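Undergrad: next come a sequence and a model predicted from it.
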Amino acid sequence: MIHADCKVGIVIPCYRVRNTVVPLIQKVDSNISHIFCVDDKCPEMSGQWILENVSDPRIKVLFHDRNLGVGGATMTGFQAALNHGCQIIVKLDGDGQMDPKEIPRLLAPILAKRADFTKGNRFYDLDGLRTMPKIRLIGNALLSFMSKFSTGYWHIFDPTNGFIALHVTAARQIPWNKISQDYFFESDLLFRLNIAAAVVEDIPMKARYGDEISSLKIRSIVFPFLYKHSKNFLKRVFYNYFLRNFCIVSIELIIGTLLLLAGIWWGSSEWLISLSTGIPRTSGTVLLAVLPILLGVQLILTFLNYDMNTIPKLPLQIRLAEWDNLP
């Protein structure tokens, strides 16, 4: 149940959702304070369609002069929700794959001050996964694995799930102008939340697939996402383990990386020499290549184990409130 004194706003990015967005809006609970529909230069004029077919006073339709992508549309809606004093902001895709009836489950950890950000996870429902196209199932699993490295939230899965809720305290810590405007939006937001030390929680939800056509093409985003995840991983490690804090695992990461690269370089060099001369390398030469690689991998694994156990646990909405009350 949504608290009557909690102002909740819903953001619905609208792009090619004319056939699904009106029935979706009609399912939104009456306790929701505002509904922000962002027409992202939709060729179907979804925004105008909403104005003509829905008379709900909670609705505010925002129009983009040019297409910014789902991330850009979401950020426009989030900013509008913040300007209207919403305490919690929920993103609901307009294609009908998300059931508005599940919003209270998404809000519960935030209202209980257990989390700052919640998101749906379709992989809890094993029966529902049978309806997910196989290419999307494999692609989402791969993207989820990459996201663990870049965001630091090792307990989170299904990062491209757009069914999310964000508390205003965490929203104010996010540099929205730096967030990706395309389908990398959710993963990039998780990365920024980790930098802000926000608590994130997965919420089990059913995978619902009907006749709607998703604009997200797994084949076309895997490699661009891999590059962006790698970039965010390096930035996160630098921010958290070198700029803000320098500890023993920081040294282990440096030494481990150097040993790994040295072992690979030495082993590769000797292997090429052996190929060109036809003379086998000695066991000592092989050992000089293998030993630093094994030590390097062990040190890197130690760093990753530490990283997995440093997931934020105290929500920002509690921690920042305590700081504000300090004398």
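TA: Cool, the structure landed.
Undergrad: pLDDT weak spots in this protein?
TA: 1-5, 126-131, 133, 207-220, 323-327 (pLDDT under 70).
Undergrad: nearest the geometric middle of it, what residue?
TA: By CA atoms, centre = their mean, the chain has its centre lying nearest to residue 187, at 2.8 Å.
Undergrad: quick one: distance of the helix or strand containing it to the chain centre.
TA: Assigned by DSSP states H and E, residue 187 belongs to helix 185-195. Its chain's average C-alpha position is 5 Å from that of helix 185-195, according to CA atoms, centre = their mean, to the nearest Å.
Undergrad: by contact count, what packs against that helix?
TA: helix 69-83, strand 117-121, helix 134-151, strand 200-204, helix 218-238 (3 or more CB pairs under 8 Å, 6 or more residues apart in numbering; DSSP states H and E). Where you see a C-beta, it was placed from the backbone N, CA and C, and this is true even at glycine.
Undergrad: in CSV: the ones you listed, plus distance to residue 265 and mean neighbour count.
TA: Compiled in CSV, those are given as follows (distance: least, CB to CB, whole Å; neighbours: other CB atoms under 10 Å):
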stretch, distance to residue 265, mean neighbour count
helix 69-83, 39, 22
strand 117-121, 41, 24
helix 134-151, 24, 18
strand 200-204, 38, 19
helix 218-238, 20, 15
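Undergrad: out of these, which is closest to residue 47?
TA: Checking these against residue 47 by CB to CB gives helix 69-83 as the closest, at 10.7 Å.
Undergrad: other SSEs contacting that closest one?
TA: strand 8-14, strand 34-39, strand 59-63, strand 88-91, helix 168-171, helix 185-195.
Undergrad: in a markdown table, list the ones you listed along with distance to residue 81.
TA: Below are these laid out as a markdown table (distance: least, CB to CB, whole Å):
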| stretch | distance to residue 81 |
| --- | --- |
| strand 8-14 | 4 |
| strand 34-39 | 6 |
| strand 59-63 | 9 |
| strand 88-91 | 5 |
| helix 168-171 | 8 |
| helix 185-195 | 15 |
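Undergrad: would TSV of the helices and strands packed on helix 185-195 with distance to residue 24 be doable?
TA: Below are the helices and strands packed on helix 185-195 laid out as TSV (distance: least, CB to CB, whole Å):
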stretch	distance to residue 24
helix 69-83	14
strand 117-121	15
helix 134-151	21
strand 200-204	19
helix 218-238	24
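Undergrad: among the ones you listed, which is nearest residue 304?
TA: helix 134-151 (8.5 Å).
Undergrad: alpha carbons only: can I get that closest one in CSV?
TA: What follows is helix 134-151, C-alpha atoms only, in CSV (Å, rounded to 0.1, in the frame of the first residue of the first chain):
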residue,chain,number,x,y,z
LYS,A,134,16.1,-16.8,-26.1
ILE,A,135,18.4,-14.1,-27.6
ARG,A,136,17.2,-11.6,-25.0
LEU,A,137,17.6,-14.2,-22.2
ILE,A,138,21.2,-14.9,-23.2
GLY,A,139,21.9,-11.2,-23.9
ASN,A,140,20.5,-10.0,-20.6
ALA,A,141,22.5,-12.6,-18.7
LEU,A,142,25.7,-11.4,-20.4
LEU,A,143,24.8,-7.7,-19.8
SER,A,144,24.0,-8.5,-16.1
PHE,A,145,27.5,-10.1,-15.7
MET,A,146,29.2,-7.1,-17.2
SER,A,147,27.1,-4.7,-15.1
LYS,A,148,28.3,-6.3,-11.8
PHE,A,149,31.9,-5.2,-12.6
SER,A,150,31.0,-1.7,-13.7
THR,A,151,28.4,-0.8,-11.1
